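Chemist: pasting the sequence and the predicted model now:
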Amino acid sequence: GYSAIQMGSVFDAVAPQGVVVSIEKALKFALPAKRFCSQAKMGRRVRVEVGDARKLIPRLREQRIDVLLLDAEVDEYTEYLAAAMPLLTPGAVVVADNVGIFAKKPGMLRYLEMVRSDAGASDVHAARFESSKRVEVL
């Protein structure tokens, strides 16, 4: 919810028609996220969906994705990215949370290999953000 609110507030300035779709795996996370978005007056800007993102992302086929934030189980990042690839606009930005912390986990290694190998994503920009505010383009 917090990341969706932050992204939604940025969209007010740079993409007035933009919508943030936040996919929460479990209702116990979705309900507070919806409440926080409502309290932040982002109800029209942020839509919270509940379910497995690997199944829900393909259903967004009428929408295009300009920014994709991965903040979930790192072992599933490659599956989320693969599901989103057909919807990413040219020049889309993909941001993955916890890249530094889990850099040696097999799932993260697979994700990093995928984005670095340019597996069909020549127009997609992947970046790594560290808490020190350093950005590394992958």
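Modeler: Good, I have the coordinates. Residues are numbered from 1 along each chain as shown.

Chemist: so how far is stretch 16-32 from its chain's centroid?
Modeler: If you compare the mean C-alpha spot of stretch 16-32 with that of the full chain, they lie 11 Å apart, counting by CA atoms, centre = their mean, to the nearest Å.

Chemist: list the buried residues in it.
Modeler: For stretch 16-32, a neighbour-count test (16 or more other CB atoms under 10 Å) marks 20, 22, 23, 24, 25, 30 as buried. In this view, the C-beta of every residue, glycine as well, is placed from N, C-alpha and C.

Chemist: my guess is residue 9 meets residue 37, correct?
Modeler: No. Under the contact definition of CB atoms under 8 Å, residue 9 does not touch residue 37, with a separation of 10.8 Å.

Chemist: who's more crowded, the two?
Modeler: For residue 9 versus residue 37, neighbours defined as other CB atoms under 10 Å are more numerous around residue 37 (23 against 15).

Chemist: which helix or strand contains the more buried one?
Modeler: With secondary structure defined by DSSP states H and E, residue 37 is part of helix 27-39.

Chemist: who's in contact with the residue of the chain most remote from its centre?
Modeler: Among residues of the chain, the one most distant from the C-alpha centroid is residue 39; the distance is 21.8 Å, by CA atoms, centre = their mean. Applying CB atoms under 8 Å, 6 or more residues apart in numbering, one finds that residue 39 lies in contact with no residue.

Chemist: can you tell me how far it is from residue 32?
Modeler: In this view, residue 39 and residue 32 are 10 Å apart by CB to CB, to the nearest Å.

Chemist: can you check residue 1 too?
Modeler: Where residue 32 is concerned, residue 1 sits at a distance of 6 Å (CB to CB).

Chemist: shared neighbours, the two?
Modeler: Once CB under 8 Å, 6+ apart is applied, it turns out that residue 1 and residue 32 contact no residue in common.

Chemist: just the buried positions in stretch 2-12, please.
Modeler: Within stretch 2-12, judged by 16+ other CB under 10 Å, the buried ones are 4, 5, 7, 8, 11.

Chemist: ok, the third one - contacts?
Modeler: To tie it back to what came earlier, the one meant is residue 7. With contacts defined as CB under 8 Å, 6+ apart, the neighbours of residue 7 are 20, 46, 67, 69.
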